[in-house]
Structures are given as structure tokens and as C-alpha cells.
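[1] my questions concern the predicted model and sequence given below.
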Amino acid sequence: MKAHLSCSDIESSLVAVHGLNGHAFDTWTHKQSQVMWLRDLLPQSLPNVRIMTYGYNAKFKNFTAHQDLSEISAKLLTELSDLRKTAEVVSRHQPEIKQHIESC
């Protein structure tokens, strides 16, 4: 099992999004063992998948309208797009640092 994937090894990406009142890391972590499913178990089953988690302010009391969820969704899509553009630029123009970027 590889500790880190290089950009050329990635076949697809998986983004885990927690629900309301959830947390980007705690939602996926077993309380007693502290095993984080996304980090500690899933990569063994999906070796060529880049696995990410997305966190947002998920406290139910903070939601006032449907627009809040739309804004969160739009922000997620923007951040994923920016991540991809950044990786493409680095990959194209500065291949020597490509290995040092964890997010491709």
C-alpha cells in the first residue's frame, strides 16, 4: 500500500461530505479505536483513489434557509475546481514539485 499517491496513479477521486451536525473528521472516526475509516481503512480497498473529506459549519441551528445548503454546495464545487486547476498548473509548469503536492 502506498502512503501517498502521485498524480499519475490517481484513477478517480472520492469526496466524503458529512451531514448536518457532522464533522469533517469525527464523522468518519470510531470513537473508541480512533480509526478514521477514510484514512485508515478505505485506501486498502481503493488503492488508486484520492480520498478527501469536506468540512463545513454543519450545526443545524446555523441553517436558516435552503440557500445555506446551496452556498455550501457551490463552495465545495468551487474548491474542488480550484484544487484541480492548481494541480494542472503545477503538473504542466513545474513537474519537479509535483511529488510534493499532496492534493493533485
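    Perfect, thanks for sending it.

[2] every contact and neighbour count from this point should use C-alpha atoms.
    Will do.

[3] quick check, E71 in a helix?
    Yes. Assessed by DSSP: H, G, I helix; E, B strand; the rest coil, E71 belongs to a helix.

[4] and it, how many neighbours?
    Using other CA atoms under 10 Å, E71 is surrounded by 11 other residues.

[5] and it, what pLDDT?
    E71 carries a pLDDT value of 82.

[6] ok, it to Y56 distance?
    Here E71 is placed at a distance of 11 Å from Y56 (CA to CA, to the nearest Å).

[7] wait, W37 sits on T27?
    No. Using CA atoms under 8 Å, W37 is not in contact with T27; the gap is 9.4 Å.

[8] low-confidence ranges, the protein, go.
    Low-confidence segments of the chain (pLDDT under 70): 1-7, 62-67, 86-104.

[9] now the strands for it?
    For the chain, applying DSSP state E gives strands covering 12-17, 49-54.

[10] please work out which of the ones you listed is packed deepest.
    strand 49-54 (a mean of 16; mean count of other CA atoms under 10 Å).

[11] turn the strands of the chain into TSV, columns for distance to K75.
    Formatted as TSV, the strands of the chain follow (distance: least, CA to CA, whole Å):
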stretch	distance to K75
strand 12-17	13
strand 49-54	10
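
[12] ok, which of those strands comes nearest T78?
    When those are compared by CA to CA, strand 49-54 sits nearest T78, at 12.2 Å.

[13] packing partners of the closest one?
    Applying 3 or more CA pairs under 8 Å, 6 or more residues apart in numbering; DSSP states H and E, we find strand 49-54 packed against strand 12-17.
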